[in-house]
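J.: could you look at this predicted model? Sequence included:
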Amino acid sequence: MESIMKAYPIRACEYEKINNVVVVFVKKQNPNILDKKVFKKYFRKPHKVDLDEIGSFVWELCDGDLSVEEIAVKVRETFSDKVEPAEKRVELFIRQMTKTKLINLFTKETVD
């Protein structure tokens with residue numbers, strides 16, 4: 001858990017904000033030849049994923065400026081008891097978004 005908490009997430013796909021809710025546009029990853037032939041229309045259009053209030057808040061903070069740990073602190077400050085345990089919820093969200101390639105993680109090296 002520690003390694004992801006020190007990572008810096010950055011959005012890797014298009015999105016828009018509609019009435020304080022983030023809508024993420026997801027493209028199908030690596031379709032095979034059969035999928036491309038049978039489901040042509042399916043692969044041309046990105047799918048939309050509506051995030052909830054907390055997910056939308058976290059998504060907008062994923063700009064590479066804050067670490068996952070810092071995002072969890074901001075989530076706790078904004079939503080208090082509604083998100084406890086904040087670290088685990090933010091970590092789970094970031095892991096899911098990373099797994100589906102909607103967010104990329106990177107680390108910042110410090111220069112001494």
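T.: Perfect, thanks for sending it. Residues are numbered from 1 along each chain as shown.

J.: what ranges does this structure have for its strands?
T.: For the chain, strands defined by DSSP state E occupy the ranges 8-11, 15-18, 21-26, 47-50, 103-106.

J.: for the first one, buried residues please.
T.: It stands for strand 8-11. Across strand 8-11, burial judged by 16 or more other C-beta atoms under 10 Å covers 8-9, 11. (Each C-beta comes from the backbone N, C-alpha and C, glycine too.)

J.: can you add distance to residue 64 and give the residues you listed back as CSV?
T.: Listed next are these as CSV, based on distance: C-beta to C-beta, whole Å:
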residue, distance to residue 64
8, 5
9, 7
11, 9
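
J.: go through the residues you listed and name the one nearest residue 83.
T.: residue 9 (16.8 Å; C-beta to C-beta).

J.: list the buried residues in the longest helix seen in the chain.
T.: Determined from DSSP state H, the single longest helix within the chain is helix 86-99. Residues of helix 86-99 classed as buried by neighbour count (16+ other C-beta under 10 Å): 86-87, 89-91, 93-94, 97-98.
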